[in-house]
Structure formats: C-alpha cells, structure tokens
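A.B. asks: Okay, sequence plus prediction incoming.
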Amino acid sequence: MFRIFALVWLYLLGTCLARNSSLPGDCPTEIIDVDKGVTFNASGTLLVKFKDQRDPWYISTAVTDERDQNRTFINGHSMQWLKAFISVPRQLVGSLDGKAVEVCPYMLKGLNNTSEDPDDADESCKEVMSDECIEEFENLTLPLGTGKNFPSYQDFDLSDKCKLHLYSAMLFPPRNFSTARCSLDKMPYLDIPDNHRTYGTYISLGEDGDIDYDDYDMYDIRVQQTIPMFMMVSTRGVSDSKMVCVAPNKVVRGS
C-alpha cells in the first residue's frame, strides 16, 4: 500500500519544486520547501499545552520520500527527509509573549513502537519510550534565556540507555514568535486549525533510504514510525520541558 505513492511522488517532486518560494532565503529549509509546494508522504500533529502559554500549540512531524535512479544519495537511490514544525495561535505572533518566549526543539530517533494514547501529548510517549527515559529528558535543567544557541547534547545529563535516543544537534538560537517572518498561515497536509501561523524548526534531516530505486523497505518503515520530539520552552523565566511522540495520523492517499 505504501509503495504506490512513491512512484507518484517522483512526478510531484519534480513539478512542485519548480515553484518559487515567497519566503526570505534565510528561512528554515523545511518551511521554504512547503512554500514551494513540496508535499509529505506522511505526517502527524499533536496539540501541546506548555506552561505560561494561554493557548495550546501544535507540533508536527512529516516524512518526504525523494528518489532518483540517476543519483546516489547517502547510500542508494532514495532518501527520506524528516521535518518538524511548530504552529502557534496568530494572536501570539508579534505580541509581548511571542517576543519573550524561547523554544528549543529536538527531534529524536524514529521508533517502531505504538503509543498507548497517541492523541494525548502528555501520554503520547507511553510504550514508545521507557518511562525512565521520558522522565530523564523532562527533568533536564538546561540554560535558556542566554541568547545563545540551543543547548547541545553534551549538556544533556542522561543515562547511556537514554542517550541512544539522541539523533542530531541543532546549532541555532532558540526560536521566538516576534514576527510572522519565515512562517505560513496555511499548511497543506497538516491538521492545523485556522488562525495559526506555522514556523520551521531548522529540523530537516535526511535519512538513508533504500539502496535500489525500486525497493521500498525503508520507505515503508519510515512513513509508519513514531517520532519523539523533545521540546524546551521558556517564557519570562517559566520553563517547561516536554517529551511528545508524534505518530503519522495523516498519510497522503495512495501512500
């Protein structure tokens, strides 16, 4: 079932990428790609409530398959791109709270486990990760409000077992919502309500795909994986750390 769409995607990739983006060139790659018309093979969205935020936000992850029989990617003729997005109420953008907030998102390794309650952000990682690792991440005390880049994984005081979840470190300043720059008010393929703005996270990670152009084993796995996201949010000294696990709840028809 998942393989048919990959062939269709080859056509979509070539046609959609031809569209220019209206966003500034220094915006995160993943949000520029959406503005260009790149589609997702699979995506998931969770409603998440953070401390000191009046309204919930939406955290989304998405998988895009890219393949070319005339090109070698990392280790073959295909690659899966993993991306993450944050959607916030429009009234937060440009407000005092939007300017004061700092957000550091981290994507962890995708897992072939199913959550007990995938629609409840606070319970979404149950059975996906161990309770021990969820607790270790959420109890991390890391410096925010310094104006510097995200805390690196070297600052994460985790057990060896929980360090295995770490995936890729971002070297960017924490995000805020002081302006609508580098955001979109419409997100096709994601379940985001109206009156929200969606921002990139600087998370756009390329994963090894299938070695052969006509193989879809890795593709089939990735469009079904649950992706843990560790979120650190600070607003005027009020900090909140959450581990949420986003399952693909929206697969493009035919995928």
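C.D. replies: Perfect, I can see it now.

A.B. asks: from here on, contacts and neighbour counts on C-alpha atoms
C.D. replies: Fine.

A.B. asks: what's near enough to touch Val63?
C.D. replies: Contact partners of Val63, counting by C-alpha atoms under 8 Å, 6 or more residues apart in numbering, are 40-43, 80-83, 222-223.

A.B. asks: Looking at the residues you listed, which is nearest Thr72?
C.D. replies: Gln80 (13.1 Å; C-alpha to C-alpha).

A.B. asks: Next SSE downstream of the host helix or strand of that closest one?
C.D. replies: Using DSSP states H and E, the element containing Gln80 is strand 78-89. Sequence-wise, the next helix or strand downstream of strand 78-89 (DSSP H and E) is helix 96-100.

A.B. asks: what comes up buried for that next one?
C.D. replies: 97-100 (16 or more other C-alpha atoms under 10 Å).

A.B. asks: Which elements pack onto the helix or strand just after that helix?
C.D. replies: Following the chain from helix 96-100 toward its C-terminal end, the next helix or strand by DSSP H and E is strand 101-107. For strand 101-107, the packing partners by 3 or more C-alpha pairs under 8 Å, 6 or more residues apart in numbering; DSSP states H and E come out as strand 196-208, strand 227-235.

A.B. asks: Can I get the very next helix or strand once past the first one in PDB, CA atoms only?
C.D. replies: Looking back up the chat, that one is strand 196-208. Sequence-wise, the next helix or strand downstream of strand 196-208 (DSSP H and E) is helix 217-222. Written as PDB, here are the backbone C-alpha positions of helix 217-222 (Å, rounded to 0.1, in the frame of the first residue of the first chain):
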ATOM      1  CA  ASP A 217      11.500  -1.400   2.600                       C
ATOM      2  CA  MET A 218      13.000   1.600   4.400                       C
ATOM      3  CA  TYR A 219      10.200   3.800   3.000                       C
ATOM      4  CA  ASP A 220       7.500   1.500   4.400                       C
ATOM      5  CA  ILE A 221       9.100   1.700   7.800                       C
ATOM      6  CA  ARG A 222       9.600   5.500   8.000                       C
END
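
A.B. asks: Now helix 217-222: average pLDDT?
C.D. replies: The average pLDDT for helix 217-222 rounds to 88.

A.B. asks: what's the answer for stretch 166-186, then?
C.D. replies: Averaged across stretch 166-186, pLDDT comes to 86.

A.B. asks: So which residue is dead centre in this protein?
C.D. replies: The chain has Ala84 as the residue nearest its centroid, 1.7 Å off, counting by C-alpha atoms, centre = their mean.

A.B. asks: coming back round to it: identify, from the buried residues of helix 96-100, the entry nearest to Lys250.
C.D. replies: Lys250 lies nearest to Gly98 out of those, by C-alpha to C-alpha, at 28.9 Å.
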